[in-house]
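A.B. asks: I would like to see how this sequence folds:
(one chain, ligands or ions: 2)
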Amino acid sequence: MIQIKLLASILSCNFLKLEEEIKDAELVGCDMLHLDIMDGHFVPNITIGPDIVRQIHKATKLKLDVHLMVENPSFWSEKFINAGAYSITVHQEADYHLNRLINSIKGKNTRALVSINPATSPILLEYILEYIDGVLIMSVNPGFGGQAFIENSLKKIEYLSKFKYLHNLEFVIQVDGGVNLDNIKSLIDAGADEIIAGSALFKVNKSEFVKKFKELTRVT
Ligand code: DX5
Ligand code: ZN
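C.D. replies: Numbers count the residues shown, from 1 in each chain. Ligands and ions are numbered 1, 2, ... in the order given. So this is what the prediction gives:
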């Protein structure tokens with residue numbers, strides 16, 4: 001059985017104590033850090049750029065999973081790879097030439113994932129799935145932490161999980177948005193491999209959350 005991974009989305013952390021929050025996430029057993037990059041165009045919010053990602057990379061041993069919610073991701077991807085990204089996730093909706101962009105990310109020895117917004121069908125990914133390392137299902141409208149999980153995201157996870165099995169592929173399935181201790185089990189049952197948690201992790205006692213996460217993922 002593949003171990004389900006927990007990715008800490010720092011969007012919901014206390015940014016005035018960023019280093020402490022990151023070290024805590026590492027200490028309690030999170031598997032990676034999920035960094036949300038927003039440009040105020042693709043989503044109605046702005047976050048951090050490559051310089052801060054580079055500093056985060058220096059401050060932690062955790063791998064950095066960089067989620068680009070930006071227009072023109074082909075301009076930005078290399079800058080985040082150079083800043084220390086382990087994964088780059090680009091949105092299907094944000095690039096006309098996904099195949100080219102994916103090849104360029106993978107050519108730099110970086111994991112390449114594609115994300116889809118809640119209103120986008122996973123069927124649109126049919127001809128890219130064999131080339132990518134993962135799919136990120138956005139289970140809220142991207143831009144903010146603390147929103148409610150959109151239930152039909154589960155169907156997308158199931159669809160991708162079946163596709164993966166039928167075509168003997170190995171891409172990972174990530175879920176991002178509205179994840180909490182009450183829905184994690186259903187995400188895993190549907191086929192999620194990597195669970196991204198923001199407010200559910202940073203707004204409570206992190207070690208309690210991770211303990212419960214591990215219990216939930218152990219029984220599957
Ligand atoms: C939202 C971001 C998420 C966000 C999730 O656009 O992509 O990573 O941090 O936050 P929660 O887990 O609070 O929904
Ligand atoms: Zn994200």
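A.B. asks: CA only for contacts and neighbour counts going forward, please
C.D. replies: Will do.
A.B. asks: contacting residues for K206?
C.D. replies: D24, A25, V28 (CA atoms under 8 Å, 6 or more residues apart in numbering).
A.B. asks: Most neighbours among those, which one is it?
C.D. replies: A25 (25 neighbours; other CA atoms under 10 Å).
A.B. asks: Look at the residue nearest to F163 when sequence neighbours are not counted and give its secondary structure.
C.D. replies: Nearest non-adjacent residue to F163, counting by CA to CA, 6 or more residues apart in numbering: L169, 8.0 Å away. Classification of L169 by DSSP: H, G, I helix; E, B strand; the rest coil places it in coil.
A.B. asks: Among the contacts of K206, which one lies nearest to ligand 1?
C.D. replies: Closest to ligand 1 out of the contacts of K206 is A25 (14.1 Å), distances taken as CA to the nearest ligand atom.
A.B. asks: which SSE is that closest one in?
C.D. replies: Assigned by DSSP states H and E, A25 falls within helix 18-27.
A.B. asks: Can you name every helix or strand that that helix contacts?
C.D. replies: Judged by 3 or more CA pairs under 8 Å, 6 or more residues apart in numbering; DSSP states H and E, the packing partners of helix 18-27 are helix 50-59.
A.B. asks: List the buried residues of the helix it packs on.
C.D. replies: P50, V53, R54, I56, H57 (16 or more other CA atoms under 10 Å).
A.B. asks: show me the contacts for P44.
C.D. replies: By CA under 8 Å, 6+ apart, P44 lies in contact with G143.
A.B. asks: Correction: the previous question concerned N180.
C.D. replies: The contact partners of N180, by CA under 8 Å, 6+ apart, come to A197, A200.
A.B. asks: Repeat the analysis, applying 6 Å as the threshold.
C.D. replies: A200 (CA atoms under 6 Å, 6 or more residues apart in numbering).
A.B. asks: Let me know the secondary structure of it.
C.D. replies: Taking three-state DSSP, the label given to N180 is coil.
A.B. asks: What are the phi and psi values at it?
C.D. replies: Phi and psi for N180, reported as degrees, to the nearest 10, are phi -150, psi 180.
A.B. asks: So which residue of this structure lies furthest out from the middle?
C.D. replies: Computed with CA atoms, centre = their mean, the residue of the chain farthest from its C-alpha average is L166, at 23.9 Å.
A.B. asks: which residues in the chain form helices?
C.D. replies: Ranges of helices within the chain are 18-27, 50-59, 73-82, 98-106, 153-166, 184-190, 199-202, 206-218, based on DSSP state H.
A.B. asks: Can you give the distance of the third one from its chain's centre?
C.D. replies: Spelled out, it's helix 73-82. Centre-to-centre, helix 73-82 and its host chain are 16 Å apart (CA atoms, centre = their mean, to the nearest Å).
A.B. asks: any idea how far L101 is from the closest residue to A94 other than its chain neighbours?
C.D. replies: Among residues not flanking A94 along the chain, E71 sits closest, at 5.6 Å (CA to CA, 6+ apart). Between E71 and L101 the computed distance is 13 Å (CA to CA, to the nearest Å).
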